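S.K.: Predicted model follows, preceded by the sequence.
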2 protein chains.
Amino acid sequence: MAEVNIKYLAEKLKLSPSTVSRALNDSYEISQPTKDRVIAMAKELNYQPNPFARSLREQKSKTIAVIIPERINNFFSQVIDGIEEITQEYGYHLLVYSTHENVETERKIVSYLLNGRVDAIVMSVSSQTKKIDHLETVYSKGVPLIFFDRICQEIPTTKFISNDYENGFKATVHLIEKGCKKIFFLMLSKEISIGRERFRGYQDALKKYGLPYEENWIVQCSQSEEENIKLIARILYGLDRPDGILASVEKLAIATYHAARETRLEMPKDFKMVSFSNMKIAGLLKPSLTTISQPAFEIGSEMAKLLMKKLTKPNQPAFENKVIQMPSQIDFRESSN
Amino acid sequence: MAEVNIKYLAEKLKLSPSTVSRALNDSYEISQPTKDRVIAMAKELNYQPNPFARSLREQKSKTIAVIIPERINNFFSQVIDGIEEITQEYGYHLLVYSTHENVETERKIVSYLLNGRVDAIVMSVSSQTKKIDHLETVYSKGVPLIFFDRICQEIPTTKFISNDYENGFKATVHLIEKGCKKIFFLMLSKEISIGRERFRGYQDALKKYGLPYEENWIVQCSQSEEENIKLIARILYGLDRPDGILASVEKLAIATYHAARETRLEMPKDFKMVSFSNMKIAGLLKPSLTTISQPAFEIGSEMAKLLMKKLTKPNQPAFENKVIQMPSQIDFRESSN
DNA sequence: CTTTGACCCGAAATCGTTTGCATCAAAATT
DNA sequence: AATTTTGATGCAAACGATTTCGGGTCAAAG
C-alpha cells in the first residue's frame, strides 16, 4: 500500500518534514511559493494525513460517540441525521452504538470510550438504567457529555428533551375532552426520566379534571413485543378495560394496534389512543394514529451545534447543568377522535 | 486528566515499558509473577490503552465504516444491527455515515476513509451513483470493501443482496394472477443495480404471461417525497392509469398511499400494489401492504462474519468477486388482494 | 558597520504503543 | 570448569504527525 506520508513528501520536495507539515497547515512561517509547491505535490501524490498520528499528537479524535437504546426507531434515526448535518461540516466522525435497552451493554460501550477514542458523547440512556456510576465515570473523566430524550438528571450537564410534561398533559386533556373516563398509561420502565415527565403530565391532567386513576392503570411493559401485545390484549379483554390509552413510546402504540386486532376492538369506537411517536406514516395506519412527535432532527442539530462550539473553539466552559426543552407537535388523527 | 499510560505503570512497578506492554499482551517472554503484578496494577489504576497509539503502531483501527443512503429506513437500521451484533464481540467499532442519496456526499465520505481510519468499508451506494471512480479508488487502495443491497457490480468484491430478480418476478406474477393487466413499476433511479434486478424480474414475468408494457409504465421517481406524490397522483389521475403497481423501494409505496388518498382511489379495489419494504408495520396500514422484505439483520451479520474472518485471522485472501443472495420473504396482504 | 527584525527553514522532541535486539543471570550441558 | 542454553527483562527504534527551539539570511534602520 506504500502510504505517502509527510516524510516521503519532504524527500520528494527536498524539504524537511516540519516544513511540509507547516506548509500544509498554512503556517505563517512558510513562504507562499513553498506552500504552493508543497500543496501541489500533496495533491499530486494524493497525500492523506494519518488520523491516528494526528490524534495521538493532538490528543483529540474528531470523533463523537452517539449511544442510543435502539436503532429501529425513527426518532433516533432523525436525531442522528440532525447531529450529522452539523458535525459533517466540521469534519467530525460519528461512532454509533446501540445498547438494545440493555444496561450491561451500555456499561460496556461506555467503558470503551474512556480512553480518548471520542471527543464527546451524546446519549439517550437505556430504559433499564438505574445505577449510573458508569455515567458518573464518564463525567468525572471530563469527557463532554450530552443527554437527550432519555436523560440522566443526576449528571450535571446539558440535556435536551421536548416539553414532555406539557404534552403528556395536553394529550390526556385531549382524551378527556373526547369523553374518555378510564385512561391508561403505557410505559416502558419507571427508570426512564422521560417517562416520568410524560407521566406527571398525565397525572396532573386527570387531577385537574377530577378524574380518578388506579395503580393498575399504569402499565409497565417489557422489551418483548410479543409479551407487550399479550399484556395489553389481556387488559383490553378485562372488565375494567380502558376507554383511552396514552402510550409513552411508539412501540407500545404499535403493540396496542396488534392487541386491538386480537381482541377485535376498534379504535376510536371502543377506545381511543394517543402516542408519543415520530413515525412518519402515522397518518396511514388503520386507524390513523394521533401522535405527539418530537423535533428530532432539531434536537440532534442543536446538540451538535453546542458540541462543535465546545470542541472547536478555545477556552470553552463545561456544559451547563440545564435541561433544554424543544417543542413537540401534536397531530390529531382518527385514533383519538 | 493525567492519563495513566504504560510509562507510568512501568515507573510504579519499577519495570520497563516494554515489559509492561508484553505482560499486558500476555507475551510468553514474561514470567507469570510479573504478569500478575502488572495486571493487578493496571486494574488498580484503571489503565486504558490509548487506541491511537496502538492504531498508529499496528496500522489498524478496529473500526469499520458503514455507508448507507439514508438512515430513516428500517432496512438499513436492521442491517446495521446485524453488523453490530457480530463486530461488537470482536471489539470493533462502527462509524456510520449517511449519504442522503447524494453522490457528492458519498465521494466526500469515501475520501475521508482512505487514510487508514477504518479497516474495512461496508456500503450501499446512493441511487445517483453513476461514476464509480471513487469506489475504484477504495478498492485499489486495498481497503476491504463489501457492498450490499445497492451494489456496484463493477468492483470485483463480495456483494450481498437478496434474490431480487426472483422476487420481482414473483411479485409481478402475483399481481397478474390477481387480475392486473397494467402493472406499473416505480423506481428511484436507473443507476441502482438493485433496481435493475427487480426490474428484470418484473419484465420477465410480464413477458411470460404475454402482457405488454410501455415505456411510460416505468416510473422514475426522485428524492423528493412531495414530487413523488405529485408524480404518482398524476399517473393515477390519468386515463392510462395502472391497475397494479410494483414499488421497488419502500418510500415509493408510501408516496403511493398518499397519492391514492389524494386521488380518492382505493387499494385494492382501484389498483393493487406490492412493494419491496422492510417496514415492520406494513400489516397495520390502511390497507395493509403486501411486502417483499429482505433478511436485513442476517445480511448484516453475514457481512460482519466475513469481515471479522478477514480482519482477525492471518493470511486471509481478498474477498471473492461474487454475489451472495439471501432469500427474501413475501407477505401477502390487503393491498394486493 | 552593527543592530534589529522579518522571513524561511531544519533538527529533534513528543504523543503512547509495540517489538527487534541486546543484556545478564541462572541453569543446563559438554 | 568452561561453555552453551534458557528465561526474564531492558533499551531503543519505530509508527506519522505537530511543535518547540534555534539557526541562518537578507534588508532596512540606527
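M.R.: Looks like it came in fine. Source: prediction; values computed, not measured.
S.K.: how about stretch A:32-44: buried residues?
M.R.: A:34, A:35, A:37, A:38, A:41, A:42 (16 or more other CB atoms under 10 Å in any protein chain shown). Placement of C-beta: from N, CA and C, glycine included.
S.K.: Tell me who's in contact with the fifth one.
M.R.: Okay, so that is residue A:41. A:9, A:12, A:13, A:47 (CB atoms under 8 Å, 6 or more residues apart in numbering or on different chains).
S.K.: what do you get if the cut-off is 6 Å, keeping everything else the same?
M.R.: Under the criterion of CB atoms under 6 Å, 6 or more residues apart in numbering or on different chains, the neighbours of residue A:41 are residue A:13.
S.K.: Give me the packing partners of the lowest-mean-pLDDT helix or strand in chain A, helices and strands only.
M.R.: Least confident helix or strand, chain A: helix A:193-208 with a mean of 87, by mean pLDDT, DSSP states H and E. Judged by 3 or more CB pairs under 6 Å, 6 or more residues apart in numbering or on different chains; DSSP states H and E, helix A:193-208 is in contact with helix A:164-177.
S.K.: Which residue, neighbours along the chain excluded, lies closest to residue A:139?
M.R.: Among residues not flanking residue A:139 along the chain, residue A:155 sits closest, at 5.2 Å (CB to CB, 6 or more residues apart in numbering or on different chains).
S.K.: secondary structure element for that neighbour?
M.R.: Following DSSP states H and E, one finds residue A:155 outside all helices and strands.
S.K.: just checking, it touches residue A:137?
M.R.: No - taking contacts as CB atoms under 6 Å, residue A:155 lies outside contact range of residue A:137: 10.4 Å.
S.K.: who's more crowded, those two?
M.R.: It is residue A:155, of residue A:155 and residue A:137, that has more neighbours when counted by other CB atoms under 10 Å in any protein chain shown, with 19 against 15.
S.K.: Distance check, that one against residue A:206.
M.R.: In this view, residue A:155 and residue A:206 are 31 Å apart by CB to CB, to the nearest Å.
S.K.: Near residue A:17, how many other residues are there?
M.R.: Neighbour tally, residue A:17, other CB under 10 Å: 14.
S.K.: Kindly report the same for residue A:279.
M.R.: 19.
S.K.: pLDDT at it, what is it?
M.R.: Looking at residue A:279, its pLDDT reads 95.
S.K.: Helix, strand, or coil at it?
M.R.: Following DSSP: H, G, I helix; E, B strand; the rest coil, residue A:279 is assigned to coil.
S.K.: what about residue A:95, which SS state?
M.R.: strand.
S.K.: which stretches of the stretch 201-337 of chain A form helices?
M.R.: For the stretch 201-337 of chain A, helices defined by DSSP state H, counting those that start in this stretch occupy the ranges A:225-237, A:250-263, A:296-312.
S.K.: burial measure for the closest residue to residue A:56 other than its chain neighbours, as a count.
M.R.: Nearest residue to residue A:56, sequence neighbours excluded (CB to CB, 6+ apart): residue B:52, at 4.2 Å. Residue B:52 is flanked by 24 other residues according to other CB under 10 Å.
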